[in-house]
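Visitor: got a predicted model here, sequence first, then my questions.
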Amino acid sequence: MGIPEKPAVRILASVGANFGLIGAAIEESRAAAASKELQEIFAQSNYDYRKDLQDSLALSFSEISLPINAASGERPEKEQLKFLTSCPAATPDADACLDVFLTYFGYMSAGATTDYVPTIHMTAKLVRLSDRATLFQDQVHYNALAGSKAIVVQPAEEYRFKDRDAMKADPQRVTAGIQQAVRAVTNELAKQFQ
């Protein structure tokens with residue numbers, strides 16, 4: 001599974017981005033600091049989001065009686081945020097490969113005055129190994145962007161945060177929010193195969 005190296009905390013329509021290169025640089029600095037704060041929150045909670053994503057995906061598929069096995073080895077660095085060039089078989093008797101990657105993982109705010117909400121953007125493709133035919137391909141977005149053509153999972157209301165200070169003040173709820181988003185997005189993906 002392709003998973004971003006770090007969780008992100010972004011303001012989608014940031015004010016800084018409207019002020020050219022200097023504003024964009026300031027926004028990137030703010031986003032990097034916010035991402036570091038989220039990493040610290042996860043560390044305080046002993047939360048390994050990479051393991052949670054992989055375990056949740058396996059659990060969601062086992063609940064629909066479609067077990068999946070992770071392919072051995074690391075995903076190539078250049079293919080972390082896109083489909084694999086060659087989808088490997090996880091076991092000798094595997095007949096298909098489910099290729100999954102995330103383009104966004106963390107919290108997002110639509111604007112400077114809107115709440116931060118858990119956000120996950122997952123893309124998946126099922127490829128038959130015998131002839132490399134694509135059997136399924138779609139995106140599942142938890143807290144989707146406007147105009148998205150993905151399968152949309154609406155975010156839970158109880159995990160909204162007014163600002164970063166509110167997130168830092170309640171690390172357990174921040175972690176619970178992202179855990180709930182992980183379950184929701186992996187369950188929704190598995191539902192597509194029922």
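Guide: Yep, it's here. Only a predicted model underlies this, so the values are computations on that prediction, with no experimental measurement involved.

Visitor: all strands for the chain, in order.
Guide: Ranges of strands in the chain, per DSSP state E, are 8-13, 96-111, 116-128, 134-142, 151-153.

Visitor: quick check: buried residues in the first one?
Guide: Read that as strand 8-13. Neighbour-count burial for strand 8-13 flags Ala8, Val9, Arg10, Ile11 (criterion: 16 or more other C-beta atoms under 10 Å). Every C-beta, even on glycine, is put in place using the N, C-alpha and C of the backbone.

Visitor: who are the packing partners of that strand?
Guide: helix 20-44, strand 96-111 (3 or more C-beta pairs under 8 Å, 6 or more residues apart in numbering; DSSP states H and E).

Visitor: quick one: low-confidence residue ranges for the protein.
Guide: Along the chain, the model assigns pLDDT under 70 to residues 13-20, 22-24, 26-27, 30, 89-90, 146.

Visitor: again, 90 this time
Guide: Where the chain drops to pLDDT under 90, the residues are 1, 4-5, 8-35, 65-77, 80-81, 86-96, 110-114, 129-130, 144-149, 194.

Visitor: tell me which residues touch the nearest residue to Ala166 once chain neighbours are set aside, please.
Guide: Nearest in space to Ala166, with sequence neighbours left out and distances taken as C-beta to C-beta, 6 or more residues apart in numbering, is Tyr116 at 7.9 Å. Residues in contact with Tyr116 (C-beta atoms under 8 Å, 6 or more residues apart in numbering) are Val9, Tyr107, Met108, Ser109, Arg160, Phe161, Lys162, Asp163, Arg164, Ala166, Met167.

Visitor: what does Leu59 give?
Guide: Applying C-beta under 8 Å, 6+ apart to Leu59 gives the contacts Thr186.

Visitor: now distance to Thr186 too, for the strands of the chain, in a markdown table please.
Guide: As requested, those are exported to a markdown table (distance: least, C-beta to C-beta, whole Å):
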| stretch | distance to Thr186 |
| --- | --- |
| strand 8-13 | 19 |
| strand 96-111 | 9 |
| strand 116-128 | 8 |
| strand 134-142 | 8 |
| strand 151-153 | 10 |
